[in-house]
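output the structure for:
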Amino acid sequence: MNAFAENLVLGNLTPSQFTQVLETLHMLGEAGAGIELSSLSTDVLVGVVRRASRDQLKAIADHPELRSVFLDEIFRRMSEHFSPTRARHVDFVVSWRFSEGSGEDGYDRFQTVIEDGVCVSSTDLSRTPDTTITLSVDDFIRIATGNAAVAAMFVTGRVKVKGEYAPAVRFSSYFDIPKPTGA
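This next block holds a predicted model:
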């Protein structure tokens, strides 16, 4: 998807239309049409999120299938954008809890382990976390794509931290997240 197409697709779509476009892309990918969200570059996904309104991102979070696709994609890509040199001598486990989920106690859960210069994320929750971070999916999508000020979300309580606070604050610095570009 080029910049023109991104602007055309996201232009003035309602949240419902926005999710219909993304759902169609996902369904085409599932059908083997060669067009799938997972094949879009991280730069394109960052651009899609940058151009999306808060209501459109909330619509992704409220759509069970798209919610799952976006969370899976972000966690899958974490290891690709991990910078081992920035995380030298860092070993910790972060558990993620996403509100309004379908899992235990109404949360979707993931775990990220940074250890021995490697970053692995999954739904396997077998490790004891050093830090547990709770937030909404739409806020996480914005943070993970560099489209939100993480510090402001900590201060305003949109991101809640249980356990060691320092790893949560430093977490994004261990990744090369593409920067959103202008429209």
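
backbone dihedrals for the spatially most central residue of the chain, please?
Residue closest to the mean C-alpha point of the chain, counted by C-alpha atoms, centre = their mean, is residue 141 at 3.8 Å. Main-chain dihedrals, residue 141, degrees, to the nearest 10: phi -60, psi -40.

quick one: contacts for it?
By C-beta atoms under 8 Å, 6 or more residues apart in numbering, the residues touching residue 141 are 49, 57, 60-61, 70, 74, 147. C-beta coordinates here come from the backbone N, C-alpha and C atoms, glycine included.

quick check: next helix or strand after the helix or strand of the chain with the lowest mean pLDDT?
Least confident helix or strand, the chain: helix 3-10 with a mean of 50, by mean pLDDT, DSSP states H and E. Once helix 3-10 ends, the next helix or strand along the chain (criterion: DSSP states H and E) is helix 15-30.

filter the contacts of residue 141 down to the ones in helices?
Among these, the members falling in helices (DSSP state H) are 49, 57, 60-61, 70, 74.

possible to save the residues you listed as TSV with distance to residue 158, neighbour count and pLDDT?
Formatted as TSV, the ones in helices among the contacts of residue 141 follow (distance: C-beta to C-beta, whole Å; neighbours: other C-beta atoms under 10 Å; pLDDT from 0 to 100):
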residue	distance to residue 158	neighbour count	pLDDT
49	16	23	80
57	13	25	91
60	17	24	92
61	13	22	93
70	18	25	90
74	17	21	91
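
now do the buried residues in stretch 124-131.
Across stretch 124-131, burial judged by 16 or more other C-beta atoms under 10 Å covers 129-131.

which stretches of this protein form helices?
Remark: helices assigned in the chain by DSSP H are 3-10, 15-30, 42-51, 54-62, 64-81, 137-144, 150-156, 165-170.

columns distance to residue 115 on top of those, output as a markdown table?
Formatted as a markdown table, these follow (distance: least, C-beta to C-beta, whole Å):
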| stretch | distance to residue 115 |
| --- | --- |
| helix 3-10 | 36 |
| helix 15-30 | 32 |
| helix 42-51 | 23 |
| helix 54-62 | 29 |
| helix 64-81 | 12 |
| helix 137-144 | 20 |
| helix 150-156 | 22 |
| helix 165-170 | 12 |
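
can you say which of these is nearest to residue 116?
helix 64-81 (13.0 Å; C-beta to C-beta).

which elements pack onto the closest one?
helix 15-30, helix 42-51, helix 54-62, strand 108-115, strand 118-122, helix 137-144 (3 or more C-beta pairs under 8 Å, 6 or more residues apart in numbering; DSSP states H and E).

next, the angle from that helix to helix 137-144.
If you take axes from the mean of the first three to the mean of the last three C-alpha atoms, to 10 degrees, helix 64-81 sits at 20 degrees to helix 137-144.
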